[in-house]
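Asks: Just the structure for this:
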Amino acid sequence: PIFKIHKWVPWFGLISSVFAMFIINPTISLISIVIVLMVYWYLSRQNLETPFEDVRSGLFVSFAEWAAKHTWGMKKMQQRAWKANLMVPVRDVNGLRGTFEFLRNIARPKGSIKLLGIEPFTEQSILARQLEEISASFRHKGVFSSSTVIHTKEFANGINYGSQALQGAFFRPNILFLNLQDHDDYENELKPVMKESIRLEIGILLFNLHTSALLGQRNTINVWVSNRKGNWQLEGWDIGNLDLSILVAYKLKMNWDARIRLITVVDNAKEEANAKNFLKTLISLARLPQTMTEVYIGTFIEMVRKAPPADLNIFGMKDTLPYDFIKDMSQKTSSSCLFVRDSGHESILA
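Replies: As a prediction, the model looks like this:
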């Protein structure tokens, strides 16, 4: 540690040594390098545990720290490199198991899932172990996942504390996934969490699983576009509260091999042509080939029943929604529903 040398010295030694090897005997040098790489690959796959760190761990940690420091100022400007990094609050492990594949298909292949357990502290608690087992299952199936537990009696406060603490992290979640279950207190637990997420500029996915249809055949996804009422021109990158809805639909389309259908309802026949042109332009700019569109004239509630069936219906929400509306949409569409709020940092057009 006290022997200081210039940074170029080890690089000079490495390059000159490799150069000397190939000057002496190119064939043996190439064979030696191949053997070293093969041994490294073999030992890496053995998952060997050592009481000390090896060269790889120090190298990877140093590189990760360097990259994080040099990109810190751009951590909110990642529209082109957007990935679904989910934070999933959990107090019912069975509910998490029921949405396992749905979460995996939203995050796969480059996203991540952070499981946040919320429960009062007890010596006999097994929640941390259960969450780590599920995290390991996510990792085994190709999605990076980690888990932690916050001990508190207040479900909403526990989630909000976790969200606030992670604001200072570099790889922080950009989506909060809430699985609406019968035992949840929507008004006193989920609404405060959604309001705090909106304040912190975190995207929200509120999922209501249909009790009998579940996720159906996973063939079709309806994305509902709100009535823009005369504002049908796409100006710049601002398309309203649509970016996250379409991004999630696209991820599911790719992982389910499904089709996307964009639907909007206008209350005036004069707006129909503008609405169709808007959807056509959106599909072109967002690079969404083979996407179906539907434009209906009437009221939203009336047309929800008449819309073509889908395995998942995605609705946008500008603010927290009434509980009755959420349950009503699932009943009227006879499908599972996902209610989405943008964080403001996504762009389907990027």
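Asks: longest helix anywhere in this structure?
Replies: The longest helix of the chain (DSSP state H) is helix 26-45.
Asks: list the buried ones in that helix?
Replies: Within helix 26-45, the residues that qualify as buried by neighbour count (16 or more other C-beta atoms under 10 Å) are residue 29. For every residue, glycine as well, the C-beta is placed using N, CA and C.
Asks: Dump that helix to CSV, restricted to CA.
Replies: Extracted as CSV, the C-alpha positions of helix 26-45 are listed here (Å, rounded to 0.1, in the frame of the first residue of the first chain):
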residue,chain,number,x,y,z
PRO,A,26,3.3,-17.5,-31.2
THR,A,27,1.7,-21.0,-31.2
ILE,A,28,2.5,-21.9,-27.6
SER,A,29,1.5,-18.4,-26.5
LEU,A,30,-1.9,-18.7,-28.1
ILE,A,31,-2.4,-22.2,-26.7
SER,A,32,-1.4,-20.9,-23.2
ILE,A,33,-3.9,-18.0,-23.3
VAL,A,34,-6.7,-20.4,-24.5
ILE,A,35,-5.9,-22.8,-21.6
VAL,A,36,-6.0,-20.0,-19.0
LEU,A,37,-9.4,-18.8,-20.3
MET,A,38,-10.8,-22.3,-20.3
VAL,A,39,-9.6,-22.9,-16.7
TYR,A,40,-11.1,-19.6,-15.7
TRP,A,41,-14.5,-20.5,-17.4
TYR,A,42,-14.5,-23.9,-15.7
LEU,A,43,-13.7,-22.6,-12.2
SER,A,44,-16.3,-19.8,-12.6
ARG,A,45,-19.0,-22.3,-13.2
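Asks: Now do the strands in the stretch 201-350 of the chain.
Replies: For the stretch 201-350 of the chain, applying DSSP state E, counting those that start in this stretch gives strands covering 203-208, 220-225, 259-266, 292-297, 312-316, 336-341.
Asks: and the second one, what other elements does it pack with?
Replies: The reference is to strand 220-225. Other elements packing on strand 220-225 under the criterion 3 or more C-beta pairs under 8 Å, 6 or more residues apart in numbering; DSSP states H and E are helix 243-256, strand 259-266, strand 312-316.
Asks: ok, the spatially most central residue of the chain to residue 97 distance?
Replies: By C-alpha atoms, centre = their mean, the chain has its centre lying nearest to residue 84, at 2.0 Å. Residue 84 sits 20 Å away from residue 97 when distances are taken as C-beta to C-beta, to the nearest Å.
Asks: again with residue 161
Replies: 25 Å.
Asks: between those two, which one's more packed in?
Replies: residue 161 (16 against 12; other C-beta atoms under 10 Å).
Asks: Just the pLDDT for that one.
Replies: If you check residue 161, the pLDDT there is 92.
Asks: pretty sure it contacts residue 150?
Replies: Yes: here residue 161 reaches residue 150: they are 6.4 Å apart, a contact under C-beta atoms under 8 Å.
Asks: ok, back up a step: mean confidence for the longest helix of the chain?
Replies: 86.
Asks: change the start of the numbering to 52 and stick with it
Replies: I'll keep to 52 as the first residue from here, and by that count the last item is helix 77-96.
Asks: Can you tell me what sits against that helix?
Replies: Residues outside helix 77-96 that contact it (C-beta atoms under 8 Å, 6 or more residues apart in numbering) are 69, 72-73.
Asks: Rebuild those as a markdown table, extending it with neighbour count and secondary structure.
Replies: Listed next are those as a markdown table, based on neighbours: other C-beta atoms under 10 Å; DSSP: H, G, I helix; E, B strand; the rest coil:
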| residue | neighbour count | secondary structure |
| --- | --- | --- |
| 69 | 12 | helix |
| 72 | 15 | helix |
| 73 | 13 | helix |
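Asks: Those residues into JSON lines, with extra columns for pLDDT and distance to residue 319?
Replies: Formatted as JSON lines, these follow (pLDDT from 0 to 100; distance: C-beta to C-beta, whole Å):
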{"residue": "69", "pLDDT": "89", "distance to residue 319": "73"}
{"residue": "72", "pLDDT": "90", "distance to residue 319": "77"}
{"residue": "73", "pLDDT": "89", "distance to residue 319": "76"}
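Asks: out of the residues you listed, who's nearest residue 245?
Replies: residue 69 (56.8 Å; C-beta to C-beta).
Asks: Skipping its backbone neighbours, what lies nearest that closest one in space?
Replies: residue 80 (7.7 Å; C-beta to C-beta, 6 or more residues apart in numbering).
Asks: Identify the residues contacting stretch 295-305?
Replies: By C-beta under 8 Å, 6+ apart, stretch 295-305 touches 133, 135, 156-159, 162, 226, 254, 256, 269, 272, 274, 309-311, 337, 339, 363, 365-367, 389, 391-394, 397, 399.
Asks: try 7 Å
Replies: Around stretch 295-305, the neighbours that count as contacts under C-beta atoms under 7 Å, 6 or more residues apart in numbering are 133, 135, 156-157, 254, 256, 272, 274, 309-311, 337, 339, 365, 367, 391, 393, 397, 399.
Asks: Pull out the buried residues from those.
Replies: 133, 135, 156-157, 254, 256, 272, 274, 309, 311, 337, 339, 365, 367, 391, 393, 397, 399.
Asks: Distance from stretch 150-166 to the middle of the chain?
Replies: Put simply, stretch 150-166 sits 7 Å off its chain's centre (C-alpha atoms, centre = their mean, to the nearest Å).
Asks: domains in the chain, as residue ranges please.
Replies: Per automatic domain parsing, the domain ranges recorded for the chain read 136-258, 271-392.
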